[in-house]
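S.K.: Below is the sequence, then the predicted model.
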Amino acid sequence: MEEYFDSTYIWESIPALLPYLKMTFFVAGLSVLFGSLLGLILAIMKLGENKVFQNIAHGYTTVLRCTPSIVLLFLIYYGVPAIAMNFGVNLNDMSSVFFVVITFTLQFGALMSEVIRSAYESIDRGQYEAAVSVGLSNMQAYRRIIFPQAFVVALPNFGNALLELMKEGALAYTIGLIDVMGKANLIIASNYNSHALEIYIGLSIIYWVLSIIIEQFFLKLERVFSKGNKGLKAA
Amino acid sequence: MLEIKNIHKSFGDNIVLNGIDLKIEKGDVVVVLGPSGSGKTTLLRCINFLEKADQGQAIFGDTQVDLKKASKKQIYSIRKRTAFVFQNYNLFNNKTALENVTEGLIIGRKMTKEEANKIGKDALDKVGLFEKYDAYPGELSGGQQQRVGIARAVSLNPDIILFDEPTSALDPELVGEVLEVMKTIAKEGTTMLVVTHEMSFAKDVANRVIFMDGGVIVEEGPPNEFFQHPKEERTQRFLKRVLPEDYIYNI
Amino acid sequence: MLEIKNIHKSFGDNIVLNGIDLKIEKGDVVVVLGPSGSGKTTLLRCINFLEKADQGQAIFGDTQVDLKKASKKQIYSIRKRTAFVFQNYNLFNNKTALENVTEGLIIGRKMTKEEANKIGKDALDKVGLFEKYDAYPGELSGGQQQRVGIARAVSLNPDIILFDEPTSALDPELVGEVLEVMKTIAKEGTTMLVVTHEMSFAKDVANRVIFMDGGVIVEEGPPNEFFQHPKEERTQRFLKRVLPEDYIYNI
Amino acid sequence: ESGTASSSDGDSASEVRTVKVAYDQSSKPISYLDDNGNATGYDVEVMKLVDELLPEYEFEYVGTTSEDLLIGVQQGKFQVGVKNAFWTEERTENFLYPEEFLGLSSIGLVLTNENAHIKTLEDFASEGFTLAPIAANNAQYTVIEEYNQENPDNPVKLQAGDQFSVDVIQWVNEGRVDGGVTIEGPFQKQVIAEDGPYHNLINDVVYNEFDVIKTWPLFNLDEQEFAAAYDEAIKQLKEEKKLSELSTEFYGRDLFEVLESVDR
Amino acid sequence: MSNGLDFEFLIDTFFVALTGVPVAILITVVSLAIALPLGFILALTRINKMLVLNQFSRVYVSFVRGTPVIVQIFIIYNSVPLLLASIFEKYNIQMDVYDVNPIWYALIVFSLNTTATLIEVFRSAINTVSKGQLEAAHSVGLTTVQAFRRIIVPQTLVVALPNICNATVNLIKATSLGYAMSLPEITLKAQVAANASYNYIEAYLDIFIIYLIICSLVEYLFKRLEKRLRKYQIAPTA
Ligand SMILES: Nc1ncnc2c1ncn2[C@@H]1O[C@H](COP(=O)(O)OP(=O)(O)OP(=O)(O)O)[C@@H](O)[C@H]1O
Ligand SMILES: Nc1ncnc2c1ncn2[C@@H]1O[C@H](COP(=O)(O)OP(=O)(O)OP(=O)(O)O)[C@@H](O)[C@H]1O
Ligand SMILES: [Mg+2]
Ligand SMILES: [Mg+2]
């Protein structure tokens, strides 16, 4: 085994990979931004009274949950330009980042719609009633009382979804986008596929550390925002 | 000051309020009694539009509102004249005691923060929570939480405060605290409509007791009369069940 | 029949039981009173090994057990001789009323299903739930749930039943149901140790009342004496708080 | 050459048309992204020479994976793609093959020294040897599959796998499989070259060529005109021996020397 | 899309890809069968803060959750044989490490992965079952093991079911990464079929349809199961 395993490859791969985290962050950042918005809209549809909207939102979530990411990516990567072409827009020159972001946005939106919905439903209706009973308007009640509390409930799940997203790099690589995962593949290819194990170990170290940082960050965030709920949880 | 006329409310097939009329004068303390499921909570909630009645009128001083068809504006204006104290307190979990009290003043009534804080602190002082301004609900005992709830209602300076079983989620020992506070504010002349099972409160503080069952008012009267000589058979049965056997005859 | 000697129990720095002695004879109904946090629940839980005491002895008839060092076998043998009725009922949510009662008989006591069902139905009949055998806890009212809890305890035919505030999670109207059932089984000669705030129950049914505070027994005696002439100042203060003002003098 | 109008370029020949050339960016030494982020490799360098000879075209190189390359060319996202592709009948329905091939690929078996006597797929199959998995979209997979179709009585145990997880030389040497398919270039760079990562195995493993095969660029079906222009250019490059130079540079050997014996 | 779909290929390949379904299902079922009990037990060690095991499961969960499955696959697929070989060599065990069917690697990877997910699922589910249930079981004379089997586990399962469903759907989708281990599952079969003619679009459509069908079916079955198990949770009326 020593014949093949050479740990220097691990340590050399890490600095080579790190710069490509930028791309990972860039894609994840945009997807989180748009995906959360989409999730919010879907969650509102699910929570609303309108049966048609409800069904659309639920159906959307089911289909997206059941679609392997790679398939979704190809559908978007080739489907969206084809559709745009019908409207006379040429998207073939669009950077692949664009399509990866759309794919992740659609997926993240489906995930977030459930996160937001369950967070909202976890807030006791009494909070809303108390808010309007002291003379707040609907919007004020949501903004000042419901959302801040639902936000705290949603945080850990949001963190989880974010982690999942960061790990989807392999997907982006299939259409040529080079993030950390893609860079690892390129390094391996440039070594003619030798020492892939070491490179992947280096990659997994990066991911692992990153995930721990994100996890800790979200724990902190949760602690900061849940200041009011501390006692409740202990009781 | 508040008059309710002919409230009807059903949930599906379940007729919960079946034509209730109620007249409350300024300074009245009216206690509503009744078995579980008789619609007491629903009555209070309809008055405050937390539930939309199927039919009925509310007359607040000079303004008359249709309980079914009230506009948003009318609803806000009535909510401004009422306050609600919930059985489960329903304090804003993400706000301190003081913020709980001032939230409605600053955001709902557009007061400045200073004004609101002054009023809020006074209200908290009144319910004996001088030192808990900055505590979050989770850090308070049930009795303390409910007192914040009362302070929140009082500080709005409403025409009437609606109480829905304000002590029933409390440990027996803590009940005393809250009833004491309620007595105090009642004595200051606050108009109150109180759903409660605390007979001693009804007896000591109320000037009228209403007994509801099956969505209608079965009997009403001043407390002494009500407890000592209940006229209706249904009322007698109820009182027998909720009072220690000998208590009723000893008042 | 059951004797407890010198129980001590702390949670961290908080000394909750500080040397309690207790002797219960067959057929006794002992009511434990005390302010919140005085260790009443902890006492019951230690007797049933739901909590491990730091020190103390229990003597059940002829067997003596060290509450701290009891072996698993001893624990099971004591649990077989006791039964517990919880404040929040703690019915098995995934079992019907009848299954709740028979679970301990079939699995714990290795009875056949037929035997167990017979005993279980008898017990449910006794608490007035003839028609609810197949209902799940979620389909029962609080009072009904607690009655299943009592049937579950009774069916085990234990030497003693421990009750921890069995009515305090109930609506005032439902309290009556449960107290009625407890009275019935008390009159059948069941030995009971009851933590409760229901003074009327203490007065009517108990043959001994114990008042705990700060982890020790402050005062004990037969109910009449206890309520009418409490000796200790602490007891007087407590009774004043939990009883309607005039009630205490009128018993 | 049928000069039917191509869909996307206008009549104005004077105008320079930008075309997208997709390449598999992880297929060293055929086509890859070098350490400076530039496209290179035999296939890419040939296309760069072609570009120089075609003033009316400007090539833009897009690195991607071979799957995306295939779909992209088919859909017209890329006008042409290079990925060491071989010719098959079925593929001509989806892609336009030009007249002129792009390069030559020496394909062979990697074996341990004691199996050095195995020279052909027949021998390999007769021994009942196991073969390292090959990525399903790799040309080598096609070669073995075609062999199997022609020799149904004596097939090679063919398994599809992943491009990155199979390190053929290592697998063969450690005995995980009895043999692997590779093309000559990578073997040269890994084992034969002094600084190759597996130079230490130079006495343990051998490369036995069993075929030399033409490789082709894949054009989008609508790109007849472009393909014709390519044909002209590459003919000239072949005459100038430019391709031989590149073959030597990237594969360590001028494969055009054996062109006579190449049958597909 | 510009040139129309090759419907013949689409349909033929659909059935080819379908032959990969049993492998995908097998992996899913076996992984679940291993991960469900293991996840439950490790969840208990975390809740009860059992010293070594708790630390171990924390690190384990954190690693598995923190790294992409495909990377875990590469690592296991490449390192396990090397490790085994050196171990076998050391202890002179006569066995060919390389004769192993890739499905074993798949089972290792996906079981480890699903276990990590389920540890967290069960941890939160067990926490929702109130401690009183266990105490009540003790008080009627059940042992801890009996209490868990008859009272705690059935209730935990109901709470955990939606998340188990989620994990299952993700697991099925993740088996598509088995191609990296030469596992003859749906994706690999479709891709192999596509190689001859490079009909990748049709191949991906087939993959899409098959996964959509399987996963919706799984979701549906879980919903049914949940309804059955939840029968005791009828909302308290009146
Ligand atoms: N949102 C609702 N949807 C359907 N039914 C409801 C709703 N709210 C209340 N009910 C029903 O209306 C009836 C009256 O309920 P309400 O809460 O007003 O009674 P209550 O007198 O306050 O009883 P309690 O003393 O138990 O609080 C009950 O039968 C209840 O089940
Ligand atoms: N598991 C525990 N861990 C730490 N402290 C505990 C625990 N259980 C009880 N205590 C503490 O022990 C003290 C006594 O609690 P216990 O529940 O026995 O009181 P009680 O007399 O039953 O009160 P109540 O009338 O409120 O039920 C309290 O201060 C409580 O906070
Ligand atoms: Mg009510
Ligand atoms: Mg207690």
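M.R.: Looks like it arrived, so ask away. Ligands and ions are numbered 1, 2, ... in the order given.

S.K.: show me what contacts residue 127?
M.R.: You didn't say which chain, so I picked chain A. By C-beta atoms under 8 Å, 6 or more residues apart in numbering or on different chains, the contact set of residue A:127 is A:145, A:146, A:149, B:90, B:92, B:93. In short, each C-beta sits where N, CA and C put it, glycine included.

S.K.: wrong one, chain E
M.R.: Here residue E:127 is in contact with residue E:47 (C-beta under 8 Å, 6+ apart).

S.K.: follow-up on the earlier one: quick check: of the contacts of residue A:127, which lies closest to residue E:114?
M.R.: residue A:149 (32.6 Å; C-beta to C-beta).

S.K.: Do I have it right that that closest one meets residue B:93?
M.R.: Yes. At 5.9 Å, residue A:149 and residue B:93 qualify as touching, with contact defined as C-beta atoms under 8 Å.

S.K.: coming back round to it: is it possible to export the contacts of residue A:127 to JSON lines including distance to residue D:224?
M.R.: Listed next are those as JSON lines, based on distance: C-beta to C-beta, whole Å:
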{"residue": "A:145", "distance to residue D:224": "67"}
{"residue": "A:146", "distance to residue D:224": "63"}
{"residue": "A:149", "distance to residue D:224": "65"}
{"residue": "B:90", "distance to residue D:224": "75"}
{"residue": "B:92", "distance to residue D:224": "72"}
{"residue": "B:93", "distance to residue D:224": "71"}
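
S.K.: so which of those residues is the most crowded?
M.R.: Ranked by the number of neighbours (other C-beta atoms under 10 Å in any protein chain shown), the contacts of residue A:127 place residue B:92 first, at 27 neighbours.

S.K.: Next, that one: secondary structure please.
M.R.: Classification of residue B:92 using DSSP: H, G, I helix; E, B strand; the rest coil returns coil.

S.K.: Residue D:231: what secondary structure?
M.R.: Quick answer, by three-state DSSP: residue D:231 is helix.

S.K.: residues near the residue in chain A that ligand 1 sits nearest to, how many?
M.R.: In chain A, no residue comes nearer to ligand 1 than residue A:125, which is 9.8 Å away by C-beta to the nearest ligand atom. Using other C-beta under 10 Å, the number of residues around residue A:125 comes to 11.

S.K.: Need the pLDDT of it.
M.R.: Looking at residue A:125, its pLDDT stands at 88.

S.K.: How about the contacts made by it?
M.R.: Contact analysis of residue A:125 by C-beta under 8 Å, 6+ apart lists nothing.

S.K.: where does chain A dip in pLDDT?
M.R.: Within chain A, the ranges that satisfy pLDDT under 70 run A:1-4, A:227-235.

S.K.: Please apply the same query to chain E.
M.R.: E:1-4, E:97, E:234-238.

S.K.: Could I get the full set of strands for the chain?
M.R.: By default, I'm working from chain A. Shown for chain A, no strands are assigned by DSSP state E.

S.K.: I was after chain D.
M.R.: Applying DSSP E to chain D gives strands spanning D:17-24, D:26-27, D:31-33, D:39-40, D:57-64, D:80-85, D:103-112, D:134-135, D:160-161, D:179-183, D:205-219.

S.K.: tell me the angle of the last one relative to strand D:179-183?
M.R.: Going back to what we said before, that points to strand D:205-219. Interaxial angle, strand D:205-219 versus strand D:179-183 (axes from the mean of the first three to the mean of the last three C-alpha atoms, to 10 degrees): 50 degrees.

S.K.: Please name every helix or strand in contact with strand D:205-219.
M.R.: If you count contacts as 3 or more C-beta pairs under 8 Å, 6 or more residues apart in numbering or on different chains; DSSP states H and E, strand D:205-219 packs onto helix D:42-53, helix D:66-75, strand D:80-85, strand D:103-112, helix D:139-150, helix D:168-174, helix D:184-187, helix D:224-239.

S.K.: got those as TSV, with distance to chain E columns?
M.R.: Output for the helices and strands packed on strand D:205-219, formatted as TSV (distance: least, C-beta to the nearest C-beta, whole Å):
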stretch	distance to chain E
helix D:42-53	17
helix D:66-75	5
strand D:80-85	8
strand D:103-112	13
helix D:139-150	6
helix D:168-174	7
helix D:184-187	18
helix D:224-239	14
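
S.K.: Out of those, flag the one nearest residue A:105.
M.R.: Proximity to residue A:105 (C-beta to C-beta) singles out helix D:66-75 among the helices and strands packed on strand D:205-219, at 19.6 Å.

S.K.: Identify all contacting residues around that closest one.
M.R.: A:74, A:77-78, A:82, A:174-176, D:22-24, D:27, D:64, D:77-81, D:83, D:94-95, D:135, D:137-138, D:218-221, E:1-3, E:198, E:200-201.

S.K.: Filter those residues down to the buried ones.
M.R.: Buried subset of the contacts of helix D:66-75 (neighbour count, 16 or more other C-beta atoms under 10 Å in any protein chain shown): A:74, A:77-78, A:174-176, D:22-24, D:27, D:64, D:77-81, D:83, D:94-95, D:135, D:137-138, D:218-221, E:198, E:200-201.

S.K.: the bottom helix or strand of chain B by mean pLDDT?
M.R.: The helix or strand of chain B with the lowest confidence, counting by mean pLDDT, DSSP states H and E, is helix B:247-250 at a mean of 44.

S.K.: Help me confirm that residue B:190 comes into contact with residue B:154.
M.R.: Yes. Under the criterion of C-beta under 8 Å, residue B:190 makes contact with residue B:154 at 7.1 Å.

S.K.: who has more neighbours, those two?
M.R.: residue B:154 (24 against 21).

S.K.: List the buried residues of the top helix by length along chain A.
M.R.: The longest helix of chain A (DSSP state H) is helix A:196-225. For helix A:196-225, a neighbour-count test (16+ other C-beta under 10 Å) marks A:196-208, A:210-211, A:214-215, A:218, A:221-222 as buried.

S.K.: Also stretch B:217-230?
M.R.: Buried, per 16+ other C-beta under 10 Å, within stretch B:217-230: B:217, B:218, B:219, B:220, B:221, B:223, B:226, B:227, B:230.

S.K.: Farthest-apart pair in those, please.
M.R.: Between any two of the buried residues of stretch B:217-230 (C-beta to C-beta), the greatest distance is 16.7 Å, for B:217 and B:227.

S.K.: What is the end-to-end distance of stretch B:5-18?
M.R.: Start-to-end span of stretch B:5-18 (C-alpha to C-alpha, to the nearest Å) is 11 Å.

S.K.: Please enumerate residues in contact with it?
M.R.: By C-beta under 8 Å, 6+ apart, stretch B:5-18 touches B:19-21, B:39, B:42-43, B:46, B:51, B:53-59, B:67, B:214-216.

S.K.: Select from those every entry located in helices.
M.R.: Those of the contacts of stretch B:5-18 lying in helices (DSSP H): B:42, B:43, B:46.

S.K.: which neighbours do residue B:190 and residue B:154 share?
M.R.: In contact with both residue B:190 and residue B:154: residue B:161, using C-beta under 8 Å, 6+ apart.

S.K.: Let me know the helix or strand that residue B:212 is in.
M.R.: According to DSSP states H and E, residue B:212 maps onto strand B:208-213.

S.K.: Let me fix that, I meant to ask about residue E:216.
M.R.: Judged by DSSP H and E, residue E:216 forms part of helix E:200-229.

S.K.: and that helix, anywhere near chain A?
M.R.: Yes. Between helix E:200-229 and chain A, judged by C-beta under 8 Å from any C-beta of the partner chain, the touching residues are E:200, E:201, E:204, E:207, E:208, E:211, E:212, E:214, E:215, E:216, E:219.
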